[in-house]
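> structure here, sequence nowhere to be found:
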């Protein structure tokens, strides 16, 4: 894949960040691979808001790769985080899962019926599959594996030795009040906070206790929960004593050989920056507040001999018709949900075309048809060389990566057309092929494989996102009562349509013909432009369209009429229209 838009005038946000990341990486670790990072907590369904935590560094890492440089995109799976609460709406989970609150996510059973060994692996698997489909290359790091194998032992002992220094940093923020929010800024609710924090537990305590400050929290040796309090620690021997408030268990361990616990989140994150040498990592917008994980981490990372990564704060991602997303609330769409109804290229484009600090929405409603229209127009402009440089860059990042182009639909017919055909044919592939084959008689479709996977996505959208009362059901018999009640102008409009039906039997032909009938009926040429017509022609067209919808599907509206007519077929159209 070519280098994308590197010049100063045309550089898109990805190229600009890549410039900064390469420069910063050379300053910190000359000659070594560039390291970018994301953090995801598999505490529930990993949603489309969390995906921005991955896509932002992925796009930057991919640009670095396009320039021929080595880069590692780390995804830290925060699977050693505590299980905070039972997410609503997760199938196979009931109130009994509340007994696991406080345990590591990898010690919580997976939802009933899951093939995975634990809660974390269950929710991680769906995200891994989606990232593969999206072409995201990454190195996954299980924090359970890191902590329980003793990888971070030196860092833990170092944090405990320097606990007073860490405590001094945290103390700067414990009594600070957040500045008054600007009036135009929307309030951040609990759900938004959770979604933005992403990696780590936003509400986790910072290690303060009655016995002093300790940045390490053991999981109980009896009940496995983190409802523990460190009561003493000896720097010389590394002996640590803790008590569990959940079950009353207490024990003394040597921290230089103990692997059942973790650093508190505000210490854990900067420790990892230093350990991995992370140069670039984005963070949620809540990190602009005093005492946030990212801000505090910027000071604590120096205690571990590292530097804070550069990177933007990213804005929220919404869903058309839904509230902002939080993975702890049921029913929140995930990347897997989105990839059922849209191709990977479209989903990549939605993240690539907006700067990280710009919010945007992902459409699960009718808006998806407009988004696909916009994408197809961009595709055409890129092909003919008329697209703007920034749009060309976003398009290139959407259709492929440094490793090559993503699989694509060989013949990408309009999504709204495919959705209409899938709606009308209700799963009958032979009927779908017949209709799609008649769209362009000069270049007929030979097999549905030519329009896959886009056709499958459109069919899934119809079947899962369109309410039953909005589905299209073609009449079995003519509406005799309505036909009998028509006045002469209405009968004439039907005759004009039927007389030209065979001659115009293609998508373009029927589009011209259906819009032309009211024009001809009013004494104008069928190809007259809107500028050449009086305003009442638009009213006549709407009235005519509504009549056709009532006679064909018994409603005021439906799929685009040219597609609907092709789907119903000439013979049946003539019968339903009273011929």
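Ah, there it is. Quick caveat, the model's predicted, so the values are computed rather than measured. Numbering: from 1, shown residues only.

> pLDDT score for the residue nearest to residue 305 when sequence neighbours are not counted?
Once flanking residues are discounted, residue 305 sits nearest to residue 274: 5.8 Å by CB to CB, 6 or more residues apart in numbering. Heads up, the C-betas are built off the backbone N, CA and C, glycines and all. Turning to residue 274, the model gives it a pLDDT of 98.

> wait, doesn't residue 274 sit right on residue 304?
Yes - using CB atoms under 8 Å, residue 274 is in contact with residue 304, at 3.7 Å.

> circling back: work out the gap between the helix or strand where the residue nearest to residue 305 lies and the centre of the chain.
Element membership for residue 274, per DSSP states H and E: helix 265-276. Its chain's C-alpha centre and that of helix 265-276 lie 26 Å apart, by CA atoms, centre = their mean, to the nearest Å.

> show residues contacting that helix.
35, 37, 39, 74, 76, 81, 152, 155, 159, 166, 170, 199-201, 204, 206-207, 215, 262-263, 278, 281, 293-294, 296-298, 300-301, 303-309 (CB atoms under 8 Å, 6 or more residues apart in numbering).

> so residue 391 makes contact with residue 381?
Yes - counting by CB under 8 Å, residue 391 does reach residue 381; the two are 7.2 Å apart.

> let me see the confidence value for the nearest residue to residue 308 once chain neighbours are set aside.
Excluding its sequence neighbours, the residue lying closest to residue 308 (CB to CB, 6+ apart) is residue 298, at 4.0 Å. As predicted, residue 298 sits at a pLDDT of 94.

> counting neighbours, what do you get for residue 298?
17 (other CB atoms under 10 Å).

> against residue 555, how distant is the residue nearest to residue 305?
Note on residue 274: its distance to residue 555, by CB to CB, to the nearest Å, is 63 Å.

> which one's more surrounded, those two?
residue 274 (19 against 13).

> and residue 73, that one's in a helix?
No - counting by DSSP: H, G, I helix; E, B strand; the rest coil, residue 73 falls outside a helix, being strand.

> right, and it touches residue 138 too?
Yes - in this structure, residue 73 is within contact of residue 138 by CB under 8 Å, at 4.5 Å.

> who has more neighbours, these two?
More neighbours surround residue 73 than the other of residue 73 and residue 138, with 23 against 19 (other CB under 10 Å).

> quick one: that one and residue 278, what's the gap?
In terms of CB to CB, residue 73 sits 10 Å off from residue 278.

> residues touching stretch 489-497, excluding its own?
Against stretch 489-497 from outside (CB under 8 Å, 6+ apart): 486, 513, 514, 517, 518, 520, 521, 544, 547, 548, 577, 578.

> packing partners for the helix or strand where the fourth one lies?
The reference is to residue 517. Taking DSSP H and E as the definition, one finds residue 517 inside helix 507-521. If you count contacts as 3 or more CB pairs under 8 Å, 6 or more residues apart in numbering; DSSP states H and E, helix 507-521 packs onto helix 488-499, helix 536-553, helix 561-568.

> make JSON lines out of these and add distance to residue 406, mean pLDDT and mean neighbour count.
JSON lines is the format used below for the helices and strands packed on helix 507-521 (distance: least, CB to CB, whole Å; pLDDT from 0 to 100; neighbours: other CB atoms under 10 Å):
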{"stretch": "helix 488-499", "distance to residue 406": "42", "mean pLDDT": "95", "mean neighbour count": "16"}
{"stretch": "helix 536-553", "distance to residue 406": "37", "mean pLDDT": "94", "mean neighbour count": "17"}
{"stretch": "helix 561-568", "distance to residue 406": "28", "mean pLDDT": "90", "mean neighbour count": "24"}
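
> got the end-to-end distance for stretch 401-415?
24 Å (CA to CA, to the nearest Å).

> quick one: mean pLDDT over it.
pLDDT averaged over stretch 401-415 gives 96.

> point to the helix or strand of the chain where mean pLDDT is at its lowest.
helix 190-197 (a mean of 42; mean pLDDT, DSSP states H and E).

> that older thread, the residue nearest to residue 305 and residue 140, how far apart?
For residue 274, the distance to residue 140 - CB to CB - is 20 Å.

> cool, residue 285 as well?
Distance of residue 285 to residue 140, computed by CB to CB: 26 Å.

> so for the two, which sits in the more crowded spot?
residue 285 (20 against 15).

> make sure that one is actually in contact with residue 316.
Yes - here residue 285 lies in contact with residue 316, judged by CB under 8 Å, at a distance of 7.2 Å.
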